[in-house]
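Peer 1: below is the sequence, then the predicted model.
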Amino acid sequence: MPAAFLSRVLSLWRGLTPARRVAAVITFLYAFAAAASAAGVHVPGLGLLRFLFSWALFIWFLMLFGWIRRRLLWSLRRRLMVAYVFIAVVPILLLLAMAGISAYILYAQLGSYVLSEEVHRTLGRMKDVAESLAAAPAGPAAAERAANNLSLIASSAAKMALALPGMEVRIGEGQELLGEPGAGRDRSFAGLVQRGEQLWMRAVAAHAVGDRERVVMVSVPVTSDLLDGFSLELGLIRWDLVRHELAEEKGKPGIRITISSGQEVWNYFPLRGISSQRRALPPKAYWLDQEIIGYTNLEAVDLDAPAGRREKLPVFASFYARPSRLNRVLFSSLGDLSSLPFVILMTAGAMFLVIEVGALATGAVMTRTITHSVDQLYRATQRVKAGDFSYRIRDIRDDQLGALAASFNEMTVSVARSIEEQRERERLENELAIAREVQNQLFPRTIPRVPGFHLTASCRAARVVSGDYYDFISLGPEEVAFVVADIAGKGISAALLMANLQAALRSQLMDGAHISSTAAVMARLNRQLVATAPEDRFATIFLGIYNAHTRLLRYTNAGHLPPLYFDGAAVKPLDVGGTIVGMFPECQFEEGSLTVEPGSLLVAYSDGITEPENAYGEQFGRQRLTEVIQRNRGQRAEDILAAVVAAVDQWAGTPEQSDDMTVLIASAR
């Protein structure tokens with residue numbers, strides 16, 4: 001078990017990249033150091049190891065991410081779906097997110113604008129009342145006109161007081177909110193003021209009356225009732241008050257609100273919040289009519305600051321709103337059709353989403369179709385890989401992938417047929433190899449030795465087996481028979497006929513009682529082949545019998561190319577005999593004879609020597625064969641044979657033979 005575990009660890013180690021090997025070493029060292037540190041042992045360099053371990057974790061994360069990505073995206077279907085998500089879904093989600101953010105910003109700003117306008121409108125009304133009261137006529141001459149004006153102003157103020165709970169009108173107060181007095185110049189102020197945790201909406205107006213100045217202040221405390229009375233398309237409203245950070249509070253802990261503008265930074269401490277109590281949002285008008293939270297920033301004059309350097313404090317206002325209510329404000333100029341633009345926009349967006357969902361569904365269906373076909377092809381290749389060539393893809397669609405599946409089926413049929421043909425070819429080749437081995441056994445293994453007469457021969461088959469035949473048959477100590485034959489055709493059929501011919505010829509020649517002449521032997525051989533061989537099969541044979549005592553060569557040439565007898569400069573063809581054997585049952589053959597002189601040479605050959613053609617279609621021919629033999633007369637018979645074969649090969653210029661090549665050479669000494 002430990003050996004197997006160690007082998008597994010070594011295998012994993014060899015599979016790691018250099019970076020992962022370093023990460024593994026760092027992880028092991030850090031785990032060991034952390035365990036030692038947890039046990040109370042001081043480990044130097046633990047901080048460095050912790051830093052390196054974070055790098056190792058990043059390497060492991062990348063490795064895990066790659067493994068997960070390969071496992072998830074191995075399937076073509078998943079890969080295409082992820083591609084569709086990134087191509088179609090992600091951009092749409094981003095567009096929807098941008099549209100949502102843009103809509104939120106738009107409606108938040110619109111709500112802020114509505115709230116600010118409501119505050120400024122209220123302050124404007126208060127300022128109008130204050131200026132009207134400050135500018136009321138004075139003196140006996142204007143008593144009647146002043147009474148009428150005051151009556152109108154009082155009526156307007158009374159109506160305003162109903163909408164602004166706690167409103168007060170004070171004469172002679174609020175000068176601290178006005179600018180420097182000037183001769184004959186009216187002064188006014190309208191805005192928010194804050195003292196401590198109290199906030200007011202105030203309007204102050206000063207009117208010069210002679211050498212005096214009349215100052216009127218209209219003040220409304222900011223309370224929940226005031227916020228409830230705002231005629232707005234908003235829900236809950238909340239105003240949060242803050243104060244300046246004091247010098248002695250700098251650096252101390254606490255909750256601060258920091259606002260920076262350029263290089264200036266202001267710190268504020270939160271005080272309290274003022275919230276409406278009775279404001280509520282109406283129900284959603286449609287699905288997208290979601291609740292929106294908006295923020296705006298108002299400013300209030302800080303009355304706690306010295307009069308010479310008063311600053312404004314921020315008042316943080318927040319509110320809730322619905323887009324349907326704000327749309328009524330945005331499109332208020334359209335009257336009853338104020339919701340029409342939003343309906344058109346939502347309809348276009350809904351149509352866009354429907355089209356996109358339809359496109360995505362179409363892509364998913366097409367992806368499933370593609371991946372189904374690919375999956376079928378993959379399964380089919382796995383079956384073929386396992387050697388099952390009978391497997392066929394059944395579900396074939398009428399598209400290019402279907403055509404590919406059909407081609408795959410045709411390919412498996414073709415491959416199965418090719419494999420079967422290859423097996424049959426191999427079987428035939430094995431049989432041919434056996435036949436060639438058997439045929440090689442039919443050729444003479446040893447050459448009979450006859451005094452003064454040297455024999456050699458060679459047969460090179462054009463195919464695996466040969467239709468040519470040569471043989472040496474010893475008839476006694478001083479007598480030998482030699483044969484060269486050419487069977488019609490090539491291959492197995494010719495080789496079988498050659499074996500039959502050899503058996504018949506040997507049975508006759510080795511029975512000396514029947515050798516009255518070579519012509520008689522050829523006649524009996526012809527009758528036997530006619531009786532046993534097919535009608536379209538025949539052979540050409542040259543049979544010679546040499547007697548060393550008498551130096552007499554008897555021969556019969558049955559349709560074979562005449563062997564060449566070289567005696568000095570003379571060349572004599574040995575053509576006495578008759579026609580081919582195996583075709584006609586009754587044929588007459590003749591026997592020729594000659595005395596073999598010392599130094600003479602006999603060359604018998606098949607048509608595979610003289611008929612090869614060169615690139616121009618010219619045959620090698622008997623004349624060139626004669627020239628090659630004449631040039632090599634002084635050499636051994638084996639060398640002459642090799643020279644003849646080499647000359648023929650060089651003439652043909654190709655290693656592929658068109659016919660069997662057989663040469664037999666007999667030299668007399």
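Peer 2: Perfect, thanks for sending it. Numbering: from 1, shown residues only.
Peer 1: quick one: contacts for A503?
Peer 2: Contacts for A503 (Cβ atoms under 8 Å, 6 or more residues apart in numbering) come out as none. Yep, even glycine has a C-beta here, placed from its N, CA and C like the rest.
Peer 1: name the element it belongs to?
Peer 2: According to DSSP states H and E, A503 maps onto helix 491-509.
Peer 1: can you name every helix or strand that whichever helix or strand comes after that helix contacts?
Peer 2: Using DSSP H and E, the helix or strand that follows helix 491-509 towards the C-terminus is helix 518-532. For helix 518-532, the elements it packs on are helix 491-509, strand 539-547, strand 552-558, strand 577-578, judged by 3 or more Cβ pairs under 8 Å, 6 or more residues apart in numbering; DSSP states H and E.
Peer 1: now render these as TSV, adding mean pLDDT and distance to A300.
Peer 2: Shown next, in TSV, are the helices and strands packed on helix 518-532 (pLDDT from 0 to 100; distance: least, Cβ to Cβ, whole Å):
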stretch	mean pLDDT	distance to A300
helix 491-509	79	117
strand 539-547	92	132
strand 552-558	93	139
strand 577-578	90	142
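Peer 1: for those, which one ends up most surrounded?
Peer 2: strand 539-547 (a mean of 25; mean count of other Cβ atoms under 10 Å).
Peer 1: quick one: which of the helices and strands packed on helix 518-532 is nearest G111?
Peer 2: helix 491-509 (101.5 Å; Cβ to Cβ).
Peer 1: could you check the angle that closest one makes with strand 539-547?
Peer 2: Interaxial angle of helix 491-509 relative to strand 539-547 (axes from the mean of the first three to the mean of the last three Cα atoms, to 10 degrees): 30 degrees.
Peer 1: from the chain's centre, how far out does helix 491-509 sit?
Peer 2: 65 Å (Cα atoms, centre = their mean, to the nearest Å).
Peer 1: next: stretch 293-311.
Peer 2: Put simply, stretch 293-311 sits 64 Å off its chain's centre (Cα atoms, centre = their mean).
Peer 1: can I get the helices and strands packed on helix 518-532 in a markdown table with distance to Y107?
Peer 2: Shown next, in a markdown table, are these (distance: least, Cβ to Cβ, whole Å):
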| stretch | distance to Y107 |
| --- | --- |
| helix 491-509 | 96 |
| strand 539-547 | 110 |
| strand 552-558 | 117 |
| strand 577-578 | 121 |
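Peer 1: nearest to F331, of these?
Peer 2: Comparing the helices and strands packed on helix 518-532 under Cβ to Cβ, the one sitting nearest is helix 491-509, at 99.4 Å.
Peer 1: hey, where'd the strands end up in the stretch 151-300 of the chain?
Peer 2: Counting by DSSP state E, counting those that start in this stretch, one finds strands in the stretch 151-300 of the chain at the ranges 168-171, 187-195, 198-209, 212-221, 237-244, 257-261, 264-275, 292-302.
Peer 1: got these as CSV, with mean neighbour count columns?
Peer 2: As requested, those are exported to CSV (neighbours: other Cβ atoms under 10 Å):
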stretch, mean neighbour count
strand 168-171, 14
strand 187-195, 19
strand 198-209, 22
strand 212-221, 20
strand 237-244, 19
strand 257-261, 10
strand 264-275, 14
strand 292-302, 17
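Peer 1: which helix or which strand is home to D471?
Peer 2: strand 468-476.
Peer 1: which other helices and strands contact the helix or strand following that strand?
Peer 2: As assigned by DSSP H and E, the chain's next helix or strand after strand 468-476 is strand 479-487. With contacts taken as 3+ Cβ pairs under 8 Å, 6+ apart, strand 479-487 sits against strand 453-460, strand 468-476, helix 491-509, strand 539-547, strand 601-605, strand 661-668.
Peer 1: nearest to M522 among these would be which one?
Peer 2: Of the helices and strands packed on strand 479-487, nearest to M522 by Cβ to Cβ is strand 539-547, at 6.3 Å.
Peer 1: okay, angle between the closest one and strand 552-558 too, please.
Peer 2: Going by the same axes, to 10 degrees, strand 539-547 makes 170 degrees with strand 552-558.
Peer 1: pull strand 539-547 out as CSV, backbone CA atoms only.
Peer 2: Extracted as CSV, the C-alpha positions of strand 539-547 are listed here (Å, rounded to 0.1, in the frame of the first residue of the first chain):
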residue,chain,number,x,y,z
ALA,A,539,3.0,-24.3,-72.4
THR,A,540,6.1,-23.8,-74.5
ILE,A,541,8.9,-26.1,-73.6
PHE,A,542,12.6,-26.6,-74.5
LEU,A,543,13.9,-30.0,-73.5
GLY,A,544,17.5,-30.9,-73.9
ILE,A,545,19.4,-34.1,-73.0
TYR,A,546,23.2,-33.9,-72.9
ASN,A,547,25.6,-36.9,-72.9
